[in-house]
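In: curious how this folds, go ahead:
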Amino acid sequence: MRNAKQTAERRRRHPAPSAARAPRPATGPFPGIAVATVTARRATGALTSRAARWITGSLSAMTAKRSLDLTLGSALLLLTAPALALTALALAVRPARDGEGVLEREIRVGLGGHPFELRSLRTRRLRLDLLSRLPHVVRGELSLVGPAPLTPDEAALLGPAAGHWRQSVRPGLTGLAQVRARSGMPWDEPALLDAHYAEHHGTGLDLAILAQSVRIPLRAALRGLRRPGKAHLSDTDHRLPGYSGAE
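Out: Have a look, this model is predicted:
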C-alpha cells in the first residue's frame, strides 16, 4: 500500500508529457486573411525573382555593349585623332561661308529620351563626319552601333511603341538600317530594321554590323581607284565604233 501511494505521489508531481498537438488553424474575425497574406508573399517573391533575373540579364548585355563602345571607341578615336585634327585645321583656315564653323551642332535625342548636342565635322570625305562623333561614344551619348539619332521633332512623330524601344537603346554611329539601306527589299525599311536591332541586339550582331560598315566604304573606294576610261564588259561598250546590229 505504501508503495502504491509513493507511485501515485510521483505521478502527481511529474506528469507524463502529453502528445504533440497539431498546429491549430488561424482564428480571428477574418480567418482567410492569414492564408491570403502567405499566398501574396509567395507570388511577390516569384515576381521579384523574375524581375531580378531580367534586370541582371539586361544589365549584363548593356555592360558588354558599353564595354565594347569604350574599348573600341577609344581605340578608334586615338587612331583617327591625327586625321580629325588635320581636317579641323583645314576647315578652320578655309574662307567662312555664312558663318559656318568647323563643327556642325545639332540637338538629338539619346538614351531614355534625353536630348544632347551632337557635334560633327562639316565634311563628308572618308566618313570623317561620322568618325568625329567618336567622343560622343566614349562619353556614352552614342553607341558604335544603334539606330540613327533623331531630332526632337522626329522623335515626337513616333508612336508609343516605337518611342519606347527607341528610348531603350543608345543611337549609334552606324546601324542595321544603314548597312541594309541599299538592298531594295521591302522588309528592309529603316524603321523595321531599327526595331529588329533594338529587340535582338548583342555583341555578335554589333561586330557583324561594324564589319559590314567598314567593308562597304572600302569597296566603294576601291572602285573609285580604277583608272578613268578603263573598259568594262557590257552589252554595248565592248563593240567597235560604228558597229550596228543590223549588219
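In: what about Arg219, distance to Leu142?
Out: Going from Arg219 to Leu142 by C-beta to C-beta, to the nearest Å gives 25 Å. Where you see a C-beta, it was placed from the backbone N, CA and C, and this is true even at glycine.
In: wait, what's in contact with the closest residue to His201 other than its chain neighbours?
Out: Using C-beta to C-beta, 6 or more residues apart in numbering and skipping the chain neighbours, the partner closest in space to His201 is Val169 (6.6 Å). Listed by C-beta atoms under 8 Å, 6 or more residues apart in numbering, the contact set of Val169 reads Leu111, Ser143, Gly146, Pro147, Tyr197, Ala198, His201.
In: could you dump these to a markdown table with distance to Leu210 and neighbour count?
Out: Listed next are these as a markdown table, based on distance: C-beta to C-beta, whole Å; neighbours: other C-beta atoms under 10 Å:
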| residue | distance to Leu210 | neighbour count |
| --- | --- | --- |
| Leu111 | 19 | 18 |
| Ser143 | 11 | 26 |
| Gly146 | 11 | 28 |
| Pro147 | 15 | 25 |
| Tyr197 | 13 | 22 |
| Ala198 | 17 | 19 |
| His201 | 13 | 23 |
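In: so which of these belong to helices?
Out: Tyr197, Ala198 (DSSP state H).
In: which one of the contacts of Val169 is nearest Thr174?
Out: Set against Thr174, the nearest of the contacts of Val169 by C-beta to C-beta is Gly146 (8.3 Å).
In: who's the residue found closest to the closest one once you drop the neighbours it is linked to in the chain bridged to?
Out: Leaving aside its chain neighbours, Gly146 sits nearest to Gly172 (2.8 Å; criterion: C-beta to C-beta, 6+ apart). Beta-bridge pairing of Gly172 under DSSP bridges involves Ser143.
In: just use 54 as the starting number from now, easier for me
Out: All right, first residue 54 from here; so that's Gly225.
In: Gly225 contacts Glu194, correct?
Out: No: counting by C-beta atoms under 8 Å, Gly225 stays clear of Glu194, with 10.8 Å between them.
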